[in-house]
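Peer 1: requesting a structural model of the entry that follows:
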Amino acid sequence: MLRNMRVLVDIFHSKGHTCPDVCFCSAYPALRGVNTSGAENLNSLVWPFKRSIRSMGVQRAMLLLRVIMAHVAQRAIERIEEKASTKAAAAEAYARLKANLGSPPDASS
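Peer 2: Numbering: from 1, shown residues only. A predicted model of the protein is given here:
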């Protein structure tokens with residue numbers, strides 16, 4: 001699995017590097033428009049586990065990374081659902097308020 005993996009320098013970190021062009025994300029047209037700094041997000045999540053991961057074998061490290069990513073995905077889903085339910089509750093409260101207040105008085109009378 002790791003034999004076919006490429007480690008690339010993302011656009012954010014490419015300034016000042018003297019690596020061959022093949023090492024930069026910008027050298028791969030398929031990566032245009034892709035968030036190449038996404039690994040930074042994962043790194044910040046994994047950082048507290050750095051020592052543990054270094055002492056693990058590849059299989060256990062990959063399992064831990066999957067667990068971390070599953071947790072992150074679940075939290076993201078929960079936040080999205082929370083926002084949706086908050087918006088729905090606000091719309092429902094507005095509709096009730098509007099129904100209780102009735103129509104605004106006619107300005108022509």
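Peer 1: how about low-confidence regions in the protein?
Peer 2: Applying pLDDT under 70 to the chain flags the ranges 1-5, 7, 39-40, 102-109.
Peer 1: quick check: chain neighbours aside, which residue is closest to Met69?
Peer 2: Nearest residue to Met69, sequence neighbours excluded (Cβ to Cβ, 6 or more residues apart in numbering): Leu42, at 7.5 Å. (Glycine included, C-beta is placed from N, CA and C.)
Peer 1: host element of the one you found?
Peer 2: In the assignment (DSSP states H and E), Leu42 maps to helix 38-46.
Peer 1: need the residues that contact that helix.
Peer 2: With contact meaning Cβ atoms under 8 Å, 6 or more residues apart in numbering, helix 38-46 is reached by Asp10, Phe12, Ile53, Leu65, Ile68, Met69, Val72.
Peer 1: now a PyMOL select for only the buried ones of these.
Peer 2: Entered in PyMOL, the line below selects the buried ones among those, by 16 or more other Cβ atoms under 10 Å:
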select buried, resi 10+68
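Peer 1: identify the farthest-apart pair in the contacts of helix 38-46.
Peer 2: Spatially, the most separated pair among the contacts of helix 38-46 is Phe12 and Ile53, at 23.0 Å (Cβ to Cβ).
Peer 1: Glu78: which element?
Peer 2: Per DSSP H and E, Glu78 falls inside helix 58-101.
Peer 1: report the angle between that helix and helix 38-46.
Peer 2: Between helix 58-101 and helix 38-46, the angle comes out at 100 degrees (axes from the mean of the first three to the mean of the last three Cα atoms, to 10 degrees).
Peer 1: many thanks, I have nothing further to ask.
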